[in-house]
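In: Need a 3D model of the sequence below.
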Amino acid sequence: MFRLHPGQCFDSLPNGIGGVHAVPCARPHDAEIYGDFRVAGRSWPGAAALGEQARRGCQSRLGGYLNPQLDTTGLAESYAYPNEGAWAAGAHSVICEIRNTQGKLTGSVRASGT
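Out: Residues are numbered from 1 along each chain as shown. You can find the predicted model right below:
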């Protein structure tokens, strides 16, 4: 999951997000990555603090990514961040994703030029 980048679409795996890979956005897919960022700091901030940083960081990136003509009814944002073990192994990035709560997305939700 943490190898994906903004603009890439993916399908979820039955056992979670680990190991997902990009699929073409033109075909039905589960989610699209709209942002990613590295969390500052060397020591584990704790799940609650990291979750709050992820929420704020992703929300600040969503408006600039979404196509303004897109009907956002049924879309939900979410994010993935490293657990303590992944953090200790050097993974300090957050991935921001958008999903359709009514099924699969088809096509990109990205604004042209972003």
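In: Which stretches in this protein count as strands?
Out: Listed in chain order, the strands of the chain (DSSP state E) span 9-10, 22-23, 31-38, 75-80, 93-100.
In: residues making contact with the fourth one?
Out: Yep, that's strand 75-80 we're talking about. 1-2, 17, 31, 34, 54-55, 57-59, 62, 94-101, 109 (CB atoms under 8 Å, 6 or more residues apart in numbering). Every C-beta, even on glycine, is put in place using the N, C-alpha and C of the backbone.
In: Among those residues, name the buried ones.
Out: 1-2, 17, 31, 34, 54-55, 57-58, 62, 94-100, 109 (16 or more other CB atoms under 10 Å).
In: and the end-to-end length of stretch 86-102?
Out: Stretch 86-102 has an end-to-end distance of 31 Å (CA to CA, to the nearest Å).
In: who's in contact with that stretch?
Out: 1-2, 4, 6, 30-39, 41, 44, 50, 53-54, 57-58, 61-62, 66, 74-82, 105, 109.
In: could you redo the last one with a cut-off of 6 Å?
Out: Here stretch 86-102 makes contact (CB atoms under 6 Å, 6 or more residues apart in numbering) with 1-2, 31-39, 44, 54, 57-58, 61, 74-82, 109.
In: before we move on, what about stretch 6-14?
Out: 20, 22-23, 25, 29-35.
In: For it, measure first residue to last.
Out: Per CA to CA, stretch 6-14 runs 22 Å from first to last residue.
In: Centre of the chain to that stretch, how far?
Out: Stretch 6-14 sits 9 Å away from the centroid of its parent chain (CA atoms, centre = their mean, to the nearest Å).
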